[in-house]
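**Q** Generate a structure from the sequence data that follows.
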Amino acid sequence: MDVALKLTKKYSLLLTALLMTLVMDFAMTLTMTTIMTGFAEGFLHRLSLGLAVGFPTSLLILPIIRRLVDRLTST
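**A** Below is the predicted model:
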């Protein structure tokens, strides 16, 4: 994939944070929608369900986001 626009490496952290936020927002919105429609009851259960979805999602998506950021930035 050859991207015409390349950002400098100084924007890597910002771009990583932005992309992670988008992915995490989707994951948490999906989780909270499920919770609010009656899937789970109780605060601790809701909290653990959100963390159980959010944390593995960030662990799985971070390497992909880092590769994407590396492709979108240059030294």
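**Q** Just the CA coordinates for stretch 52-72, please, in CSV.
**A** Provided in CSV are the C-alpha atoms of stretch 52-72 (Å, rounded to 0.1, in the frame of the first residue of the first chain):
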residue,chain,number,x,y,z
ALA,A,52,-13.4,-8.0,29.0
VAL,A,53,-14.2,-6.6,25.5
GLY,A,54,-12.1,-3.4,25.6
PHE,A,55,-8.8,-4.7,26.9
PRO,A,56,-8.4,-7.7,24.5
THR,A,57,-9.6,-5.5,21.6
SER,A,58,-6.8,-3.0,22.4
LEU,A,59,-4.3,-5.8,22.6
LEU,A,60,-5.4,-7.3,19.3
ILE,A,61,-5.7,-4.1,17.4
LEU,A,62,-2.6,-2.2,18.6
PRO,A,63,-0.1,-4.1,16.4
ILE,A,64,-2.4,-3.5,13.4
ILE,A,65,-2.6,0.2,14.3
ARG,A,66,1.1,0.5,14.8
ARG,A,67,1.7,-1.0,11.3
LEU,A,68,-0.8,1.4,9.8
VAL,A,69,0.8,4.3,11.6
ASP,A,70,4.3,3.2,10.3
ARG,A,71,2.9,3.2,6.8
LEU,A,72,1.3,6.6,7.2
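**Q** those strands in this protein, which residues are they?
**A** Counting by DSSP state E, the chain has strands at residues 7-8, 73-74.
**Q** most neighbours per residue, which of those strands?
**A** strand 73-74 (a mean of 14; mean count of other Cβ atoms under 10 Å). From N, CA and C alone the C-beta is placed, and that goes for glycine too.
**Q** Which single helix of this protein contains the most residues?
**A** Counting by DSSP state H, the longest helix found in the chain is helix 43-72.
**Q** Just the buried residues of that helix, please?
**A** By neighbour count on 16 or more other Cβ atoms under 10 Å, the buried set for helix 43-72 is 46, 49-50, 53, 57, 61, 65, 68-69, 72.
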